[in-house]
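Asker: No sequence on hand, only this structure:
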């Protein structure tokens, strides 16, 4: 970590279905935007398979590297949902029915519906803290700085707001995007010069193809609004001087 004020996070996407391409990962974007709004910067994202050793090794490595770790996937009712047990082993904690989670699920389902598969969703480190699930009942959980969430994007999104008062962030990370009708080679030198003068502001350029035409989006990121606005002014100045069309400013 570069300084005491910087709060960082890592994301671990767990699931063979993501690695195979059968399932598209949109949880990374959801988590990163939410964490940025809390002043927590995502520094690393890994996509790993449903293999116990890999989950344990990855979690243990990243939880020491960053302030927070978020895992998605592998906490459902099927045989290949092994995240909860793997987290228990990573922390050397007892794995079994979490009494509060079991009670929540037992009340959620109608009599006779709380079968073995659904009961499995109440198994996790028995001392874990719960992340309540307003969408489908089955809670996520966290141990120390590792937060385990489901892989279904809509359910994950409904749960993360409940952690706003749990996480301690820094200054919110602000974003500005300027989309231009140009190519990267035309603006590379000017962007480099601005970036070199503003080391504590992150400036990225990303090509896009829209309505049959090429363009480049310049994204500026900083927790300091004054510096962000200063870079924005400098960029707009050279854009105007080169006569480049602005497609959109967000």
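Answerer: That came through, no problem. Being a predicted model, the structure only gives us computed values, none of them experimental. Numbers count the residues shown, from 1 in each chain.
Asker: check which helix or strand covers the most centrally placed residue in the chain.
Answerer: Central residue of the chain (C-alpha atoms, centre = their mean): residue 31, 2.9 Å from the mean position. In the assignment (DSSP states H and E), residue 31 maps to helix 27-37.
Asker: Return the set of buried residues in that helix.
Answerer: By neighbour count on 16 or more other C-beta atoms under 10 Å, the buried set for helix 27-37 is 27, 28, 30, 31, 32, 34, 35, 36. For glycine as for every other residue, the C-beta is placed from the backbone atoms N, C-alpha and C.
Asker: Nearest to residue 97, out of these: which one, please.
Answerer: Minimum separation from residue 97 among these (C-beta to C-beta) is found for residue 27, which lies at 26.6 Å.
Asker: What residues does the closest residue to the closest one other than its chain neighbours make contact with?
Answerer: Nearest residue to residue 27, sequence neighbours excluded (C-beta to C-beta, 6 or more residues apart in numbering): residue 72, at 4.6 Å. For residue 72, the residues meeting the contact criterion (C-beta atoms under 8 Å, 6 or more residues apart in numbering) are 11, 12, 13, 14, 15, 27, 31, 149, 150, 151, 156.
Asker: Buried subset of the residues you listed, written for PyMOL?
Answerer: Applying 16+ other C-beta under 10 Å to these, the buried members can be selected in PyMOL as follows:
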select buried, resi 11+12+13+14+15+27+31+149+150+151+156
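Asker: Please identify which of the contacts of residue 72 is nearest to residue 218.
Answerer: Closest to residue 218, out of all of these and judged by C-beta to C-beta, is residue 31, at 23.7 Å.
Asker: Tell me where this protein has helices.
Answerer: Counting by DSSP state H, the segments of the chain that form helices are 16-19, 27-37, 52-65, 83-90, 99-108, 116-120, 153-160, 184-197, 225-242.
Asker: Any chance you could list what contacts the helix holding residue 31?
Answerer: Applying C-beta under 8 Å, 6+ apart, the external contacts of helix 27-37 come out as 9, 11, 13, 41-42, 45, 68, 70, 72, 149, 151, 153, 156-157, 160, 169, 172-173, 175.
Asker: how's this protein carved up into domains?
Answerer: Here the domain parsing of the chain from automatic domain parsing is 7-163, 174-249.
Asker: Mean pLDDT lowest where, among those domains?
Answerer: Among the domains of the chain, domain 174-249 carries the lowest mean pLDDT, a mean of 93.
Asker: Could you work out the end-to-end span of it for me?
Answerer: 14 Å (C-alpha to C-alpha, to the nearest Å).
Asker: roughly how far out does that domain sit from the chain middle?
Answerer: Centre-to-centre, domain 174-249 and its host chain are 24 Å apart (C-alpha atoms, centre = their mean, to the nearest Å).
Asker: what do you get for stretch 36-46?
Answerer: Mean-position distance between stretch 36-46 and its chain equals 6 Å (C-alpha atoms, centre = their mean).
Asker: for stretch 49-69, same thing?
Answerer: Put simply, stretch 49-69 sits 15 Å off its chain's centre (C-alpha atoms, centre = their mean).
Asker: Next, the buried residues of it.
Answerer: By 16+ other C-beta under 10 Å, the buried positions in stretch 49-69 come out as 50, 55, 56, 58, 59, 62, 63, 66, 67, 68, 69.
Asker: How about the residue nearest to residue 201 when sequence neighbours are not counted: which residues does it bridge to?
Answerer: Excluding the flanking residues, the one nearest residue 201 by C-beta to C-beta, 6+ apart is residue 222, at 4.4 Å. Assessed by DSSP bridges, residue 222 has beta-bridge partners residue 174.
Asker: got a list of what residue 222 touches?
Answerer: Neighbour list for residue 222: 173, 174, 200, 201, 202, 228, 231 [criterion: C-beta under 8 Å, 6+ apart].
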